[in-house]
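Asker: Here is a sequence together with a model predicted from it:
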Amino acid sequence: MTAQVRQVLRAKIVLAAADGLANAAIARELKVSINTVRKWRGRFAAGGRQLCLTRNAPAGPVSTGRRCASP
């Protein structure tokens, strides 16, 4: 899969999520795993458009630099 094809897939995932589709529905529609949808939906939430659509998007987990407060 080329970098351009991957960018299009990421964009489709994010747009479908913005339309309110559930992860499972997006995965079925785009013929990808639900984990792929979770990953890119989460990365978009953490880093926005730039992170999802850059050519060298990191392969591992993304840190937002935020910490959860202790209860």
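Answerer: Here it is on my side, so go on. Residues are numbered from 1 along each chain as shown.

Asker: okay, CA-based contacts and neighbour counts for the rest of this
Answerer: Will do.

Asker: so what pLDDT did residue 28 get?
Answerer: On the pLDDT scale, residue 28 is placed at 97.

Asker: wait, what's in contact with residue 14?
Answerer: 40-41, 44 (CA atoms under 8 Å, 6 or more residues apart in numbering).

Asker: Could you pull up the mean pLDDT of whatever helix or strand it lives in?
Answerer: Using DSSP states H and E, residue 14 sits in helix 3-18. When pLDDT is averaged along helix 3-18, the result is 90.

Asker: how about that helix: buried residues?
Answerer: 7, 9-11, 13-14, 16-17 (16 or more other CA atoms under 10 Å).

Asker: coming back round to it: just among the contacts of residue 14, which is most surrounded?
Answerer: Neighbour counts for these (other CA atoms under 10 Å) peak at residue 41, which has 22 neighbours.

Asker: That one reaches residue 13, doesn't it?
Answerer: Yes. Judged on CA atoms under 8 Å, residue 41 makes contact with residue 13 at a distance of 7.0 Å.

Asker: Adding secondary structure, distance to residue 30 and pLDDT, write the contacts of residue 14 out as CSV.
Answerer: Below are these laid out as CSV (DSSP: H, G, I helix; E, B strand; the rest coil; distance: CA to CA, whole Å; pLDDT from 0 to 100):
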residue, secondary structure, distance to residue 30, pLDDT
40, helix, 13, 90
41, helix, 14, 90
44, helix, 17, 84
